[in-house]
Structures are given as C-alpha cells and as structure tokens.
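**Q** The following comprises the amino acid sequence and a computationally predicted model.
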Amino acid sequence: MQLLKLKVLAEAGAVCDIEVNHDAAEGWTVQVTYATRRGERCEPLERQRGGVRTFATLDAVARTLAGLGLSGFRVNAAGLPGEEPP
C-alpha cells in the first residue's frame, strides 16, 4: 500500500491497526491492517515504485504516520541488536 491509499483509508476511519517491525538488515517496516467490506486486510507500506518501504529510524516512521493523521501505532522491537530472548 502506498501513502496515498493509506491517507484515504485514514480519512475514512478504516485503519484498524498499524504495527511497526524492525528488520536488522533493512530498518523499520510498517504493516497496516484496515477494514474492507469482506473483513480485514493487512498490507505493508510500499515505496512509490514498488517494494516494501523501509525507514532508517522509528522517528521517521512516526513523522510519516503523523503527517497522515495517524498518531498511534504498535512497535514490535523483536530482533533489535542487543536484545536478549526471554
């Protein structure tokens, strides 16, 4: 899903959940769950020319989502360097 589609979904109130995941090789990625007529659907945020969009910092994710009117999201920090398994 590209930013324009996410903006439309946010304005319509259809966004159910946003989860931000850390990938050690890539950076931060965003998974968006939204309501459809047939239930819910989950899609990653994509770059304009295709492929999953990655962010270098969590702050960059927050600024991008806030610019779309989305102030809340969950962070899955599993896999961060220095994290010990429970």
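**A** Nice, I can see it.
**Q** For the residue nearest to the spatial centre of the chain, give the beta-bridge partners.
**A** With distances taken as Cα atoms, centre = their mean, residue 30 lies nearest the centre of the chain, 2.1 Å away. With DSSP bridges as the criterion, residue 30 is bridged to residue 20.
**Q** Once you drop chain neighbours, what's closest to residue 73?
**A** The shortest distance from residue 73 to any non-neighbouring residue, by Cβ to Cβ, 6 or more residues apart in numbering, is to residue 18 (3.9 Å). Using the backbone N, CA and C atoms, a C-beta is placed for each residue, glycine as well.
**Q** re earlier: check the gap between the residue nearest to the centre of the chain and residue 38 for me.
**A** Distance, residue 30 to residue 38, using Cβ to Cβ, to the nearest Å: 23 Å.
**Q** same deal with residue 71?
**A** Residue 71 is 28 Å from residue 38, by Cβ to Cβ.
**Q** thinking again about what came up before, let me know the pLDDT of the residue nearest to the centre of the chain.
**A** Note on residue 30: pLDDT of 97.
**Q** same question, residue 79
**A** Per-residue pLDDT puts residue 79 at 71.
**Q** what secondary structure does it sit in?
**A** Following DSSP: H, G, I helix; E, B strand; the rest coil, residue 79 is assigned to coil.
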